[in-house]
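Asker: have a look at this fold, sequence not included:
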């Protein structure tokens, strides 16, 4: 990514006219990829910087949808930094500028829905369960209107992704039974090809639900499934590391023989 950023920056300096706007669009999208990657490996401060640079480039490109996509990434950086109220405020401000019309293009609908999914976690962590449920409902209506699984701006927004966030919301508010009920019935096969992060995310959340119910063998097996889908999502996930430490505290080796090898691969045990 550093090389791609440098190339896009050079193009935005050297080109003129419409070509320069195109270069700023490419620069914004490059920073989006960078911010998303950094967020996934818990490099929150760097992700924040990349997302803010994406916003500046999107504004120079005069692309409202890219500006909204940048707000999405800043919102996720805020959530990782514990700035939940700011995350909700920022993403809802972005939705106000993007309200879809009756004949809105699919990209706008997908962005609108993805911003609502981001805002709901800020609301949930601020103990606003009602607000979080309302945001989830709006995202679900938008996904139904969209009708299929898309991957505009790499958000993978669609009906399946909304259900994935419903599982995440259940575990966020500490409802293991709802987490397990929703997680076990969720079919991720309709997600766009290559969207491994979302497939692993629902498995990680389902494992958290099992762990809350002290179903440790099920939790470990589900984390192993998540590792098969996307090894990096387990290795670099702070929440997974915390979960593995908790499972190790009450380890029963006969029922969870794969726990220690998994913890070693994740870097929790040396």
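Answerer: Great, that's in hand. The structure displayed is predicted, hence computed values, not measured ones. Numbers count the residues shown, from 1 in each chain.
Asker: per-residue confidence for residue 3?
Answerer: On pLDDT, residue 3 comes in at 95.
Asker: ok, now which ones touch it?
Answerer: Listed by C-beta atoms under 8 Å, 6 or more residues apart in numbering, the contact set of residue 3 is empty. Just so you know, the C-beta spots here come from the backbone N, C-alpha and C atoms, and that holds for glycine as well.
Asker: if I look at residue 252, how far off is residue 240?
Answerer: Distance, residue 252 to residue 240, using C-beta to C-beta, to the nearest Å: 20 Å.
Asker: so those two - more neighbours on which side?
Answerer: residue 240 (23 against 11; other C-beta atoms under 10 Å).
Asker: pLDDT score for the more buried one?
Answerer: Residue 240 is given a pLDDT of 95.
Asker: name the element the residue lying closest to it once chain neighbours are set aside belongs to?
Answerer: Distance criterion C-beta to C-beta, 6 or more residues apart in numbering; nearest residue to residue 240, sequence neighbours excluded, is residue 234 at 5.3 Å. Using DSSP states H and E, residue 234 falls within helix 231-235.
Asker: now residue 67
Answerer: helix 64-80.
Asker: residues of that helix that come out buried?
Answerer: Residues 65-80 are the ones in helix 64-80 that count as buried (16 or more other C-beta atoms under 10 Å).
Asker: run through the helices of the stretch 1-150 of the chain in chain order.
Answerer: Counting by DSSP state H, counting those that start in this stretch, the stretch 1-150 of the chain has these helices, from start to end: 2-14, 17-40, 44-61, 64-80, 84-96, 106-125, 129-146.
Asker: okay, those helices in CSV with distance to residue 202 next?
Answerer: Below are these laid out as CSV (distance: least, C-beta to C-beta, whole Å):
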stretch, distance to residue 202
helix 2-14, 30
helix 17-40, 15
helix 44-61, 22
helix 64-80, 17
helix 84-96, 21
helix 106-125, 13
helix 129-146, 15
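Asker: right, and the ones you listed - which one's nearest residue 268?
Answerer: Nearest of the helices of the stretch 1-150 of the chain to residue 268, taken as C-beta to C-beta: helix 17-40 at 17.6 Å.
Asker: phi and psi next, for residue 63.
Answerer: Here the main-chain torsion angles of residue 63 (degrees, to the nearest 10) amount to phi -120, psi 100.
Asker: how many other residues sit next to it?
Answerer: For residue 63, the neighbour count with other C-beta under 10 Å is 18.
Asker: dump the residue contacts of it.
Answerer: Contact analysis of residue 63 by C-beta under 8 Å, 6+ apart lists 25, 28.
Asker: and it, how far from residue 167?
Answerer: Taken as C-beta to C-beta, the span from residue 63 to residue 167 is 32 Å.
Asker: coming back round to it: buried residues, the helix or strand just after the helix holding residue 234. List them.
Answerer: Where DSSP H and E defines the elements, the next helix or strand beyond helix 231-235 is helix 238-249. Neighbour-count burial for helix 238-249 flags 240, 241, 243, 244, 247 (criterion: 16+ other C-beta under 10 Å).
Asker: contacts for the lowest-mean-pLDDT helix or strand in the chain?
Answerer: Within the chain, no helix or strand scores below helix 231-235, which has a mean of 91 by mean pLDDT, DSSP states H and E. Defining contact as C-beta under 8 Å, 6+ apart, one finds that helix 231-235 is touched by 40-41, 196-197, 200-201, 204, 223, 226-227, 240, 262, 265-267.
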